[in-house]
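> Please work out how this folds:
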Amino acid sequence: MTQDEIIEMLREAAGSDMPDHVHGVLILHTNDIDALIKLVAAKEREVCTAAAMTAAEEAIEFAMKLEREACAKVCEPQEAHDDPLTAWKIAQTIRARGET
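Alright, predicted model coming up:
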């Protein structure tokens, strides 16, 4: 979190009553601290959820790439097929799906 985000959370936690300052030190009331803790926890959940979703999307894309390659390799031993050219074209088509 940036300093500006933290300050904004402090303002939101304090509501209309801005926290008191004594000699440049911010004084928070118990209710303000509880509200701030909830705001920070919510922000942390938001950040963690976004990171988890990104990681999941990348893992799914990687798994799909591996599966496409495995399927294409089934077609590659062209001598095992009655129509080797068609088998080769199928393998190329499967691989091309990952490039779009």
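> Could you report the distance from Glu61 to Gly98?
Per Cβ to Cβ, to the nearest Å, Glu61 is found 9 Å from Gly98. Any C-beta I mention is one placed from the backbone N, CA and C, and that applies to glycine too.
> hang on, I meant Ala55
19 Å.
> do the same with Glu44
Distance of Glu44 to Gly98, given as Cβ to Cβ: 35 Å.
> Then Asp32?
Asp32 is 52 Å from Gly98, by Cβ to Cβ.
> Give me the distance between the residue positioned nearest the centre of the chain and Gly98.
The chain has Thr54 as the residue nearest its centroid, 2.4 Å off, counting by Cα atoms, centre = their mean. Distance, Thr54 to Gly98, using Cβ to Cβ: 19 Å.
> Equivalent analysis for Lys73, please.
14 Å.
> how about the CA coordinates for stretch 35-54, as PDB?
What follows is stretch 35-54, C-alpha atoms only, in PDB (Å, rounded to 0.1, in the frame of the first residue of the first chain):
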ATOM      1  CA  ALA A  35     -12.100   0.600  11.600                       C
ATOM      2  CA  LEU A  36      -8.600   0.900  10.300                       C
ATOM      3  CA  ILE A  37      -7.800  -2.700  10.900                       C
ATOM      4  CA  LYS A  38     -10.900  -3.700   9.000                       C
ATOM      5  CA  LEU A  39     -10.000  -1.500   6.100                       C
ATOM      6  CA  VAL A  40      -6.400  -2.800   5.900                       C
ATOM      7  CA  ALA A  41      -7.600  -6.400   6.100                       C
ATOM      8  CA  ALA A  42     -10.100  -5.700   3.200                       C
ATOM      9  CA  LYS A  43      -7.400  -4.100   1.100                       C
ATOM     10  CA  GLU A  44      -5.100  -7.100   1.800                       C
ATOM     11  CA  ARG A  45      -7.800  -9.500   0.800                       C
ATOM     12  CA  GLU A  46      -8.300  -7.600  -2.400                       C
ATOM     13  CA  VAL A  47      -4.600  -7.600  -3.200                       C
ATOM     14  CA  CYS A  48      -4.300 -11.300  -2.400                       C
ATOM     15  CA  THR A  49      -7.300 -12.200  -4.400                       C
ATOM     16  CA  ALA A  50      -6.000 -10.400  -7.400                       C
ATOM     17  CA  ALA A  51      -2.600 -12.100  -7.100                       C
ATOM     18  CA  ALA A  52      -4.300 -15.500  -6.700                       C
ATOM     19  CA  MET A  53      -6.500 -15.000  -9.700                       C
ATOM     20  CA  THR A  54      -3.500 -14.000 -11.900                       C
END
